[in-house]
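Engineer: here is my input, please return the structure:
(one chain, ligands or ions: 1)
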Amino acid sequence: MTLPRTDQAAGLSRSIPMSEQQIIAVFGATGAQGGGLARAILTDPDRRFAARIITRNANSEKARALAEQGAEVVVADIDDEAGLRAALQGVYGAFFVTFFWEHFSPEREKNQARNMANAARAVGLRHAIWSTLEDTRRWVPLEDDRMPTLMEHYKVPHFDAKGESNRFFDELGVPTTFLLTSFYWDNLIHFGMGPRREADGRLVFQLPMGDRRLPGIAAEDIGRCAYGIFKRGEQSLGQTIGIAGELLTGEQMADALGDALGEPVHYQAIPPAVYRGLGFPGAEDLGNMFQFKHDFNDDFCAARDPAIARALYPGLQSFRDWLAANKGLLAVN
Ligand SMILES: NC(=O)c1ccc[n+]([C@@H]2O[C@H](COP(=O)([O-])OP(=O)(O)OC[C@H]3O[C@@H](n4cnc5c(N)ncnc54)[C@H](OP(=O)(O)O)[C@@H]3O)[C@@H](O)[C@H]2O)c1
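Structural biologist: Numbering: from 1, shown residues only. Below you'll find the predicted structure:
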């Protein structure tokens, strides 16, 4: 069976046999990062790759929607290395991401990353993308008391576990691109981080970033950029690529929010220590994360270049683009 393939540059219309399409396995395809990648693969008019989505539940609405768009659906759990090996049989590449906020355990996250690297090695994967973050202990050793040590071994557990896990891919010689992601602007919708109305009627946007810049991105665009990396192929192997849609201060984000919502939004730079004490699960981890991004802002921003992200995905959204599409979802009363 063949699928139509349009080569616009050459002005020709060709077909590549479906059987010759290389397969990319996408973890987290029913979620944010993997979802963007799965949709990028499935909507590419060139049909360059086939998508195999990995899920724990093939019958979920999101898995079924992707299947209807042409994805192959395979059931596996990233806690199970043997299952991962089976799920990766016959694939060219895989997008690996772990899900810290499902369990809040850096040890479990490291085990899952090790499972992924082991399985990738066992099946002879040709291109892995590992969605990672900085091991902040390189900048803030555990004995540095500017921020508390958490769970005995970490400063920012959900960053440190991912950064520490880079070595599983390195040590096993898995051909890997290390993708440094950024704060999802979608957190303003799904994570309760959007503007809130104060008792005095003003809209206030709180962020523990002082006057520093926060690299942010539309979550959907992470997968879109990952697709750009797969399309580039082997030249990206061994590289660390950092992406962001824009690097914006809290003031700039508040201004854009105000323009989108049609009334002023006031930025309030709360101290990281106050954020750590907010009491919700993960507040200490996120308070330390924001302090890390603030205190090492030059390094953190330099590692994430919107121009690189745009080269990978020319449709990359700015914060204002994202707001235009999503402002109706911001729960502001
Ligand atoms: N929020 C941010 O600003 C931000 C920024 C940078 C990085 N991150 C990182 O992004 C990661 C999460 O990625 P995401 O936001 O794309 O996730 P997400 O939207 O929460 O999606 C999670 C998906 O992962 C799948 N999943 C969960 N546990 C699994 C398991 N044990 N085995 C197989 N699949 C499993 C689930 O699919 P099924 O239910 O279909 O199995 C689920 O749909 C976190 O580790 C976080 O630290 C977040």
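Engineer: tell me the residues of the stretch 151-300 of the chain that contact the ligand?
Structural biologist: 158, 181, 183-184, 187 (C-beta under 6 Å from any ligand atom). (Each C-beta comes from the backbone N, C-alpha and C, glycine too.)
Engineer: just name the closest of those to Asp305, please.
Structural biologist: Thr181 (13.1 Å; C-beta to C-beta).
Engineer: neighbours of the closest one, just the number please.
Structural biologist: Thr181 has 22 neighbours, counted by other C-beta atoms under 10 Å.
Engineer: thought Ala32 was touching it, still the case?
Structural biologist: No - applying C-beta atoms under 8 Å, one finds Thr181 not in contact with Ala32, separated by 9.8 Å.
Engineer: and for these two, which residues touch both?
Structural biologist: Ile222 (C-beta atoms under 8 Å, 6 or more residues apart in numbering).
Engineer: any chance of CSV for the residues of the stretch 151-300 of the chain next to the ligand, columns secondary structure and pLDDT?
Structural biologist: Below are those laid out as CSV (DSSP: H, G, I helix; E, B strand; the rest coil; pLDDT from 0 to 100):
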residue, secondary structure, pLDDT
His158, helix, 98
Thr181, coil, 98
Phe183, strand, 98
Tyr184, strand, 98
Asn187, helix, 97
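Engineer: can you say which of these are buried?
Structural biologist: Among those, those classed as buried by 16 or more other C-beta atoms under 10 Å are 158, 181, 183-184.
Engineer: of the residues of the stretch 151-300 of the chain next to the ligand, closest to Gln317?
Structural biologist: Within those, the smallest distance to Gln317 is 11.6 Å, found for Tyr184 (C-beta to C-beta).
Engineer: who are the contact partners of the closest one?
Structural biologist: For Tyr184, the contacting residues are 32, 216-219, 222, by C-beta under 8 Å, 6+ apart.
Engineer: show me the beta-bridge partners of it.
Structural biologist: For Tyr184, the beta-bridge partners are Ile217 (DSSP bridges).
Engineer: show me where the stretch 201-333 of the chain dips below the pLDDT cut-off.
Structural biologist: 333 (pLDDT under 70).
Engineer: what ranges do the helices span in it?
Structural biologist: Per DSSP state H, counting those that start in this stretch, the stretch 201-333 of the chain carries helices over the ranges 219-232, 250-261, 272-276, 283-295, 297-302, 306-312, 319-326.
Engineer: just the CA coordinates of the longest one, formatted as PDB?
Structural biologist: Only the C-alpha atoms of helix 219-232 are listed here, as PDB (Å, rounded to 0.1, in the frame of the first residue of the first chain):
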ATOM      1  CA  ALA A 219       3.500  22.400  25.300                       C
ATOM      2  CA  GLU A 220       2.300  21.300  21.900                       C
ATOM      3  CA  ASP A 221       5.400  22.900  20.300                       C
ATOM      4  CA  ILE A 222       7.800  20.700  22.300                       C
ATOM      5  CA  GLY A 223       6.700  17.700  20.200                       C
ATOM      6  CA  ARG A 224       6.700  19.700  17.100                       C
ATOM      7  CA  CYS A 225      10.400  20.600  17.700                       C
ATOM      8  CA  ALA A 226      11.200  17.000  18.500                       C
ATOM      9  CA  TYR A 227       9.800  16.100  15.100                       C
ATOM     10  CA  GLY A 228      12.200  18.700  13.600                       C
ATOM     11  CA  ILE A 229      15.000  16.900  15.300                       C
ATOM     12  CA  PHE A 230      13.900  13.500  13.900                       C
ATOM     13  CA  LYS A 231      13.700  15.000  10.400                       C
ATOM     14  CA  ARG A 232      17.300  16.300  10.700                       C
END
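Engineer: can you pull the buried residues of it?
Structural biologist: By neighbour count on 16+ other C-beta under 10 Å, the buried set for helix 219-232 is 219-230, 232.
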